[in-house]
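> Any chance you can model this:
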Amino acid sequence: MSEQKPGDIILVNGANKNSLGIRAFQRVKTGMKASYSHVVFCLGSGDIIHSDMKGGVHRLYIDDLLSECKPNWLALRNTHISKIPYQDILEKSIYYQQQSYNKLLIGLFGGQTPEDASFCSQLVSLIIKDLNVEVDLPDCKKTLPVHFQHLIEKNGWDDVTREHEEAISIYSRIPNYRESIDKSIQMSKELQGNTVQTLEDYHALKGLIKDLPLEDLGVEFWNAKKVNV
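Here you go, the predicted model:
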C-alpha cells in the first residue's frame, strides 16, 4: 500500500518569485544545481513539519503545502530512518515546533545556530541528527535544500514521489481525514504549552517548598528547556 512514512523528506518549489531567488542563491553558495527551494519532514500519513517565514516551525497537512507550490516536487526515503519507531520520530520533530523562522540565516555564514529559530533545511537536518542517523550532509547550520536534493545519488535513499502522490490521493478520499490531522496538531501544541507552564510553575514553587519533586514530563520541547529549573 502506498503511504507517506514518518521520516520521509519532501522537496518543493514555491510558486512565488522568492523561490527562484532561493534556488539561485543555493547554486551560487554550493556550486550544485538547485531544483527546489524548500524542504519538509514527514511525520507520516499527510502530517508534515517544516519552517517558513509565515509561521516558523509548525506542523500542517500536506495538501496545505502543495497547494502553494509548483507541481514538480520530490519525496525521498532513507532506509535507516524508515525503521525508526513513529513515536521517536514524532518526539524528535515536535521538539522544535513554535520556533521562529531563521530569516537572517544565522549560522549559515558563521556563528552558532540560534536556539529559538531554524530555516527549513536547518530544521530537517537537526531532526535527522537528533535521530542519530548518519547522513551525508553538511553541518546542520549550513545545510540547504539542495543538499537534500542530491541525497538521491547516495546509497540508502530512494525516490518515493509516486508513492506519496498515490497516498495523498487516498487520504483525500477518507472522510474527516483532514480533521484528524488538525486535531493531532492541536494536541501537540497544547502538550507543549502545558509542559512549559508546568516547568514555570515548578520553578516558582521551588523557592517556597524545599526538595519539591518534579515528575517526568515525557516529551521535551526547546522552549521548555529554556525554563530555569
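
> I'd like the next helix or strand past the top helix by length along the chain.
When the chain is parsed with DSSP state H, its longest helix is helix 177-206. Where DSSP states H and E defines the elements, the next helix or strand beyond helix 177-206 is helix 222-225.

> so for that next one, what's the average pLDDT?
For helix 222-225, the mean per-residue pLDDT is 82.

> what helices or strands is the longest helix of the chain leaning on?
Applying 3 or more Cβ pairs under 8 Å, 6 or more residues apart in numbering; DSSP states H and E, we find helix 177-206 packed against strand 47-52, strand 56-61, helix 222-225. Where C-beta positions appear, they are placed from N, C-alpha and C, glycine not excepted.

> So what's the residue count around residue 121?
The local packing of residue 121 (other Cβ atoms under 10 Å) involves 28 other residues.

> Please confirm that residue 11 is located within a strand.
Yes. Counting by DSSP: H, G, I helix; E, B strand; the rest coil, residue 11 is located in a strand.

> start at 13 instead
That works, and once the first residue is 13, the last one we named lands at residue 23.

> Okay, the nearest residue to it once chain neighbours are set aside and residue 181: tell me how far apart.
In space, and not counting its chain neighbours, residue 23 is closest to residue 48: 3.8 Å by Cβ to Cβ, 6 or more residues apart in numbering. According to Cβ to Cβ, to the nearest Å, residue 48 and residue 181 sit 22 Å apart.

> picking that back up, which stretch among the helices and strands packed on helix 189-218 comes nearest residue 100?
With Cβ to Cβ as the criterion, residue 100 lies closest to strand 59-64 of the helices and strands packed on helix 189-218, at 14.3 Å.

> Where in this protein is the helix or strand with the lowest mean pLDDT?
In the chain, no helix or strand scores lower on mean pLDDT, DSSP states H and E than helix 234-237, which sits at a mean of 82.
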